[in-house]
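Participant: show me the folded form of this:
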Amino acid sequence: MPTYSIIGYNTTALTITGGSISLSTSYNPATDRRIFDIDDGAGGRIIGGRPDFGLRLDGDRYRDETGDDFTQTGVVTSLDGTTTYASGNLYAESVYFLSKPGGGTISVYLIEVDGVFVGYLTSEPLQAGVTYAFTLSNVDPSNAPLYDSLNKIPCFVEGTAILTPDGEKRIETLKSGDTVLSNRGEPLCLRWIGGRTVYFNREMADLRPIRFQAHALGPCLPVRDTRVSPNHRMLVRSPVAQLLFGHAETLIPAKFLTSLPGVYQESSLLPKVTYWHMLFDGHRIVVADGVESESLFPGDLALQGLACETRDEILTLFPELGNLAPVRHFKSTAHQVLTRSEAELLVRQLCQTLAFKKAA
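Facilitator: Okay, the predicted model is just below:
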């Protein structure tokens, strides 16, 4: 039975007025979010629809307060797990399709348990101070979202060797209070470290790790094959980036680098993986298997600012981070983060440069 743990909003976090939605002016991410733990058994068919593979958050097509999937149950709790708000048959009663100011759509699902409104789940967090126009729709078997669309993970894979003052150590052997070295050799106190095992299935392909073969990013970068989750940001250093973006060092999600030789997403035959992430007192660049990549960006945890997708994914996997000390003063990442289009442009240029060198 697949189990999903997802961070969402409570019942008062959003303000809906006419045809627009926004975060409440009193919204506090420490108190106005909830954990939705969902058990979804596979087998049989969804009412009025497709076979049930236990991979989608189904709705309540006939609005009879029982839901379309009789094997889909949930428990809704506070972030720290000390308060349970509801448990029982859980389903998405309706969906708001929000128009983002810069283009694109955010899906906001109104969640009920046995007919009681318990909060919202979203495809990405809403931004404070932004008002979104929306259209409203029922959730039925044709538009029920994959849990994967609400749950993505940016982390290191278990077994990754992290550089410390005492040499390389496997990430799973580190603990809070240990010292790790930055890419510039500075000692960093490890504030928090956490891991979670993820089990894959054929409809969750985008969660599989990205593998960087030895030397894929340059000589000894990495020194051995290394794996990270698709949204984990790698430090790419290139004069081409300096020409294009004014910075020679940029951070790029691993999934945007798969056009480079020796970088690819692992096989769908992979049954599971354990992901780890490290938190320091700021966004830092560490050395993992000889290649530079990011630590957890604390600013991602405030549900505002940069990296909406990455921020929500981290909190979904590690909800305990929602109760860490305030992190709002971390305003920027350690290096410029490239968008998808910027990364694609840089990768094309790098591939052309590599092809030219090989031809020479």
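Participant: does Tyr147 touch Asp58 like I think?
Facilitator: No: in this structure Tyr147 lies outside contact range of Asp58 using C-beta atoms under 8 Å: 10.5 Å. Glycine gets a C-beta too; all of them are placed from N, C-alpha and C.
Participant: more neighbours: those two, which one.
Facilitator: Asp58 (27 against 21; other C-beta atoms under 10 Å).
Participant: can you give me the pLDDT of that one?
Facilitator: Listed pLDDT for Asp58 reads 89.
Participant: which non-adjacent residue is nearest it?
Facilitator: Of all residues not flanking Asp58 in the chain, Asp69 sits nearest, at 4.0 Å (C-beta to C-beta, 6 or more residues apart in numbering).
Participant: tell me the mean pLDDT over stretch 207-218?
Facilitator: On average, stretch 207-218 scores 91.
Participant: need the residues that contact that stretch.
Facilitator: Contact partners of stretch 207-218, identified using C-beta atoms under 8 Å, 6 or more residues apart in numbering, comprise 148, 152-153, 157, 198, 200, 220-230, 232, 234, 236-237, 254-255, 257-258, 260-268, 270, 273, 291.
Participant: C-terminal to the least confident helix or strand in the chain by mean pLDDT, what's the next element?
Facilitator: Taking mean pLDDT, DSSP states H and E as the measure, helix 308-317 is the helix or strand of the chain with the lowest mean score, a mean of 52. Going down the chain from helix 308-317, the next helix or strand is strand 336-337, by DSSP states H and E.
Participant: quick one: mean pLDDT over that following strand.
Facilitator: 84.
Participant: whichever helix or strand comes after that strand packs against which elements?
Facilitator: For strand 336-337, the succeeding helix or strand toward the C-terminus, using DSSP H and E, is helix 340-359. Secondary-structure packing of helix 340-359 (3 or more C-beta pairs under 8 Å, 6 or more residues apart in numbering; DSSP states H and E): helix 239-245, strand 249-253.
Participant: relative orientation of helix 340-359 and strand 249-253 in degrees?
Facilitator: Going by axes from the mean of the first three to the mean of the last three C-alpha atoms, to 10 degrees, helix 340-359 is angled at 110 degrees with respect to strand 249-253.
Participant: low-confidence regions, the stretch 1-150 of the chain specifically.
Facilitator: 1-5, 30, 79-81, 148-150 (pLDDT under 70).
Participant: for it, what spans make up the strands?
Facilitator: 3-9, 14-17, 20-23, 33-40, 72-77, 84-99, 105-113, 116-122, 132-138 (DSSP state E, counting those that start in this stretch).
Participant: sheet partners, orientation included, of the last one?
Facilitator: Right, strand 132-138. Using DSSP bridges, strand 132-138 pairs in its sheet with strand 20-23 (antiparallel), strand 84-99 (antiparallel).
Participant: ok and the last one relative to strand 105-113, angle-wise?
Facilitator: What separates the directions of strand 84-99 and strand 105-113 is an angle of 150 degrees, with the same axes, to 10 degrees.
Participant: give me the number of residues near Leu270?
Facilitator: Leu270, neighbours per other C-beta under 10 Å, totals 14.
Participant: quick one: end-to-end distance for stretch 6-15.
Facilitator: Using C-alpha to C-alpha, to the nearest Å, one end of stretch 6-15 lies 21 Å from the other.
Participant: centre of the chain to that stretch, how far?
Facilitator: Distance, stretch centre to chain centre, for stretch 6-15: 18 Å (C-alpha atoms, centre = their mean, to the nearest Å).
Participant: related to what we said a few turns ago, name the stretch among the helices and strands packed on helix 340-359 that sits most buried.
Facilitator: Sort the helices and strands packed on helix 340-359 by mean neighbour count, taking mean count of other C-beta atoms under 10 Å, and strand 249-253 sits at the top with a mean of 22.
Participant: could you list the paired strands of that one along with their orientation?
Facilitator: Partners of strand 249-253 in its sheet, by DSSP bridges: strand 233-237 (antiparallel), strand 336-337 (parallel).
Participant: need these in JSON lines (columns: distance to Asp114 and mean neighbour count).
Facilitator: Converted to JSON lines, these look like this (distance: least, C-beta to C-beta, whole Å; neighbours: other C-beta atoms under 10 Å):
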{"stretch": "strand 233-237", "distance to Asp114": "41", "mean neighbour count": "23"}
{"stretch": "strand 336-337", "distance to Asp114": "42", "mean neighbour count": "18"}
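Participant: which one, of those, ends up nearest to Thr12?
Facilitator: Comparing these by their distance to Thr12 (C-beta to C-beta), the top pick is strand 336-337, with 32.2 Å.
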